[in-house]
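A.B. asks: here are the coordinates; sequence isn't available:
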């Protein structure tokens, strides 16, 4: 009995370590994948290009412009098209990006700075906070919830679009 127990403990430890290692490896790959997708998304130059990163059947999008939420792929695409139809030469960069994942779900939170030219030809800029929640759809990572916001000055009620880190 003692010999069996002595043999079972190391076997259990190896099985546990192997399981943990595989989970950590899968989560590590997911973090790399989601980070790469975030970097691709920030370079989108059209609504049709950006929407490919979203789960169009299961997306709730909170933009910093009304309404309170956009639900479903058609609504999100319309919001994205509204932005890209009114902006030229859009360029985005991450000021901060962190991705947390367990390999099945992932959350990317970031501070992003954008510059563009408005329809009137004036240069524009905004620094925004973005949280994207990712899950897999048919083996591909897709965003099922995105939240974009800007801080608001409580004294004036006005959005602070270009705060620095």
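C.D. replies: All right, it came through fine. Not measured: the values here are computed from a predicted model.

A.B. asks: Tally up the residues packed near residue 134, please.
C.D. replies: 27 (other C-beta atoms under 10 Å). The way it works is simple: take the backbone N, C-alpha and C, and place the C-beta from them, glycine included.

A.B. asks: which other residues reach stretch 75-90?
C.D. replies: 45-48, 50-51, 54, 56, 59, 61, 63, 65, 70, 114-119, 124 (C-beta atoms under 8 Å, 6 or more residues apart in numbering).

A.B. asks: Restricted to buried residues, select these in PyMOL.
C.D. replies: Under the burial definition 16 or more other C-beta atoms under 10 Å, those of the contacts of stretch 75-90 that qualify are selected in PyMOL by:
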select buried, resi 47+50+51+54+59+61+63+70+114+116+124
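
A.B. asks: Show me where this protein has its helices.
C.D. replies: Assigned by DSSP state H, the helices in the chain fall at 2-41, 47-50, 73-85.

A.B. asks: Which residue is the nearest non-sequential neighbour of residue 51?
C.D. replies: With C-beta to C-beta, 6 or more residues apart in numbering as the criterion, residue 51 has its nearest non-adjacent residue at 4.8 Å, and that residue is residue 77.

A.B. asks: Any figure for the gap between that neighbour and residue 47?
C.D. replies: 5 Å (C-beta to C-beta, to the nearest Å).

A.B. asks: At the geometric centre of this protein, which residue do we find?
C.D. replies: Centroid-nearest residue in the chain: residue 132, 2.9 Å away (criterion: C-alpha atoms, centre = their mean).

A.B. asks: Contacts only, for it.
C.D. replies: 38, 41, 107-109, 143, 145-146.

A.B. asks: could you flag which of the residues you listed are buried?
C.D. replies: 38, 41, 108, 143, 145-146.

A.B. asks: Rebuild these as TSV, extending it with pLDDT and distance to residue 98.
C.D. replies: Supplementary listing: these in TSV, determined by pLDDT from 0 to 100; distance: C-beta to C-beta, whole Å:
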residue	pLDDT	distance to residue 98
38	98	10
41	98	15
108	98	7
143	98	16
145	98	17
146	98	16
